[in-house]
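Peer 1: Model the following, please.
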Amino acid sequence: MVLALILAVAALLRFQNLDRTSLWYDEAVSWSQSKGTFTELLTAVAADNYPPLHNILLWLTMPVAGDSETALRLPSVFLGVLAVWLIYLTGKSMAGNTTGLLAAALLTVSPFHIWYSTEARMYALLAACGLAFLLLVLKNLERPSTWRLTGLAIAGALFLYSHIYALLGFASVGVICAILALTGILKSERLGLSNAGLTCLAMAASALAFLPWLIILALRARSVAEEGFWIAYPDPAFLINIAFNMAGSLTVFWVLAGLAVASLLTILHLPGRYFGKPQSADAILVCFAYTAGPPLLAYLYSIFVQPILFDRYLIAAWPGVILLASATAQRLAPRVAPAALLALAIWLSYPELKFTLLEKIRPEWRQIAQDYRALKGEGDHLLLYKGFAAPAVSYYLRDPNAFTAVETVDELGQRAENARWLLIVHTSSEEMRAAEKAFGPGGNSPAARRFGWGASGLTLLERGQAE
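Peer 2: Residues are numbered from 1 along each chain as shown. Model prediction:
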């Protein structure tokens, strides 16, 4: 009954007001890549920086549910609620029913998880597939079977096909499982397939299934390295911002992170007796690797190669922090600590939860498109600067011939003569002034402005007449 209540609250927090905010650029890209044929979908995603599983999910659901904002976000909502159930099962497998319920309750009220469970992108999918993968790894380490191993191979493949960051969590868990398998061989002094060895074989099947897309990503990585990436260098202020975004409160983050680390320290001091089950130490080790591997590896890559660390990419690792913290809380004081931890998390993160549910917005593409339709005249044409935002404009105008996307100020100047309207998006103040100048006289008073990133936001300019 408690689990049913938690799932009901999780659904309530995620299903409400799915169309409160516009689709932002990335969501519109998901729509654009998924609305054609299956071959067109694979071709479009192969030219991007992630695997195609979420796009395939949209490709399957759009013919049935449509492509409204709500319809595009519904799969993520269902996956968000599924993740709450999966974290309960994983916590129960690790350290008992109380741990599972506490972890599910903490994920239910997580502003971070709620926000990305209402976005038409792959992040809710990444979290749900990651938890399914982690759960089946733990189940097979405890008692493997044909069905469990097959399930692990499938869950591992789905996890890898959900997002490129899944590679980091998958590899980290794989290293721990390989160490456990090797340790078992050394202790028994004979070759044989232990539980950990069988788990490694199932994971190898997942990796083999992902190999074709891994090659595509590796080829794409070269282009990304040459072109650069938009993520900032992970200095201390950037890292603190990530911590706050994930936990909804820095105090909550440090409490949960501290309890997560304490779970590892506990098994180091009490080997084989964690929660009274010999397998529990292995479960904590695997969960710790699943949790710490992605942020640590991404941070090191960001320091030595190029920045790739970003909060939403860690949405699969964050439930691991919750699981480890819940296990430690249950261990420390079974009757008091779980309720106290949940109350503390709700109290301290409530302002961020309220903001997420009622006030937080995405760039207002829907509103700027409405402004343009209300102001434009018959035969008017729109220029879009910059062209990367074309999917969002295309989604809301629903006419690919209604606008022309330009990439540079020079190109804007060449095309400005035949257009009355200019939409400037995601630019700096300097870029915006250059675009206004290239557009021509009379273009300095915005006809409409809406929220968007960069100094420009979403700024709609109307061409004036030269004096």
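
Peer 1: from here on, contacts and neighbour counts on C-alpha atoms
Peer 2: Noted.

Peer 1: got the CA positions of stretch 83-97 in PDB?
Peer 2: The C-alpha atoms that make up stretch 83-97 are tabulated as PDB, following Å, rounded to 0.1, in the frame of the first residue of the first chain:
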ATOM      1  CA  ALA A  83      11.900   4.500 -12.600                       C
ATOM      2  CA  VAL A  84      10.300   5.100  -9.200                       C
ATOM      3  CA  TRP A  85       9.100   1.400  -9.200                       C
ATOM      4  CA  LEU A  86      12.500   0.200 -10.400                       C
ATOM      5  CA  ILE A  87      14.400   2.100  -7.700                       C
ATOM      6  CA  TYR A  88      12.100   0.500  -5.200                       C
ATOM      7  CA  LEU A  89      12.900  -3.000  -6.500                       C
ATOM      8  CA  THR A  90      16.600  -2.200  -6.600                       C
ATOM      9  CA  GLY A  91      16.700  -0.800  -3.100                       C
ATOM     10  CA  LYS A  92      14.700  -3.800  -1.800                       C
ATOM     11  CA  SER A  93      17.200  -6.200  -3.500                       C
ATOM     12  CA  MET A  94      20.200  -4.300  -2.000                       C
ATOM     13  CA  ALA A  95      19.100  -3.800   1.600                       C
ATOM     14  CA  GLY A  96      15.400  -4.600   2.200                       C
ATOM     15  CA  ASN A  97      12.000  -3.200   1.800                       C
END
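
Peer 1: Averaged pLDDT, that stretch. What do you get?
Peer 2: The pLDDT scores in stretch 83-97 average 95.

Peer 1: what's next to that stretch, contact-wise?
Peer 2: 7, 10, 98-105, 107-108, 124, 127-128, 131-132, 134-135, 138-139, 275, 280, 283-284, 319, 323, 326-327 (C-alpha atoms under 8 Å, 6 or more residues apart in numbering).

Peer 1: Could you list which of those belong to helices?
Peer 2: Using DSSP state H, the subset of the contacts of stretch 83-97 located in helices is 7, 10, 98-105, 107-108, 124, 127-128, 131-132, 134-135, 138-139, 280, 283-284, 319, 323, 326-327.

Peer 1: returning to what we had before: just the buried residues out of the contacts of stretch 83-97, in PyMOL syntax.
Peer 2: To isolate the buried ones among the contacts of stretch 83-97 in PyMOL, judged by 16 or more other C-alpha atoms under 10 Å, type:
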select buried, resi 7+10+98+99+100+101+102+103+104+105+107+108+124+127+128+131+132+134+135+138+139+275+280+283+284+319+323+326+327
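
Peer 1: can you pull the buried residues of the biggest helix by length in the chain?
Peer 2: For the chain, the longest helix by residue count, based on DSSP H, is helix 195-227. Buried residues in helix 195-227, defined by neighbour count with 16+ other C-alpha under 10 Å: 195-207, 209-210, 213-214, 216-217, 220.

Peer 1: the domain parsing of this structure - what is it?
Peer 2: The record's domain parsing of the chain by automatic domain parsing lists 2-358, 365-462.

Peer 1: among those domains, which is the most enclosed?
Peer 2: Most buried of these by mean neighbour count (mean count of other C-alpha atoms under 10 Å) is domain 2-358; its value is a mean of 20.

Peer 1: What lies in contact with the helix or strand Leu149 falls within?
Peer 2: Secondary structure from DSSP states H and E places Leu149 in helix 146-160. Residues outside helix 146-160 that contact it (C-alpha under 8 Å, 6+ apart): 51, 53, 126, 129-130, 132-133, 136-137, 139-140, 166-167, 170, 198-199, 202-207, 209-210.

Peer 1: contacts for stretch 197-214?
Peer 2: For stretch 197-214, the surrounding residues in contact (C-alpha under 8 Å, 6+ apart) are 51, 137, 140-141, 144, 149-150, 152-157, 160-161, 174, 177-178, 180-181.

Peer 1: one more time with 6 Å
Peer 2: Identification of contacts with stretch 197-214 by C-alpha atoms under 6 Å, 6 or more residues apart in numbering yields Leu149, Ala153, Gly156, Ala157, Ala181.

Peer 1: Can I get that stretch as PDB, trimmed to CA atoms?
Peer 2: Extracted C-alpha coordinates of stretch 197-214, given in PDB (Å, rounded to 0.1, in the frame of the first residue of the first chain):
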ATOM      1  CA  GLY A 197      31.300 -14.400 -14.400                       C
ATOM      2  CA  LEU A 198      27.900 -15.200 -15.800                       C
ATOM      3  CA  THR A 199      26.900 -11.500 -15.200                       C
ATOM      4  CA  CYS A 200      30.000 -10.400 -17.200                       C
ATOM      5  CA  LEU A 201      28.900 -12.700 -20.100                       C
ATOM      6  CA  ALA A 202      25.500 -11.200 -20.200                       C
ATOM      7  CA  MET A 203      27.000  -7.700 -20.200                       C
ATOM      8  CA  ALA A 204      29.300  -8.700 -23.000                       C
ATOM      9  CA  ALA A 205      26.200  -9.600 -25.000                       C
ATOM     10  CA  SER A 206      24.800  -6.100 -24.300                       C
ATOM     11  CA  ALA A 207      28.100  -4.500 -25.500                       C
ATOM     12  CA  LEU A 208      28.100  -6.600 -28.600                       C
ATOM     13  CA  ALA A 209      24.600  -5.500 -29.500                       C
ATOM     14  CA  PHE A 210      25.700  -1.900 -29.000                       C
ATOM     15  CA  LEU A 211      28.900  -2.200 -31.100                       C
ATOM     16  CA  PRO A 212      27.400  -0.900 -34.400                       C
ATOM     17  CA  TRP A 213      26.300   2.300 -32.800                       C
ATOM     18  CA  LEU A 214      29.400   2.600 -30.800                       C
END
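
Peer 1: tell me the average confidence for that stretch?
Peer 2: For stretch 197-214, mean pLDDT rounds to 96.

Peer 1: what bits of the stretch 201-350 of the chain have low per-residue confidence?
Peer 2: The stretch 201-350 of the chain contains residues with pLDDT under 70 at 222-229, 266-279.

Peer 1: and with 90 instead?
Peer 2: 217-233, 263-282, 305-308, 331-335 (pLDDT under 90).

Peer 1: re the thing from before, run the chain-centre distance for the helix holding Leu149.
Peer 2: 21 Å (C-alpha atoms, centre = their mean, to the nearest Å).

Peer 1: Quick one: name whatever helix or strand follows it.
Peer 2: Taking DSSP H and E, what comes next after helix 146-160 is helix 166-188.
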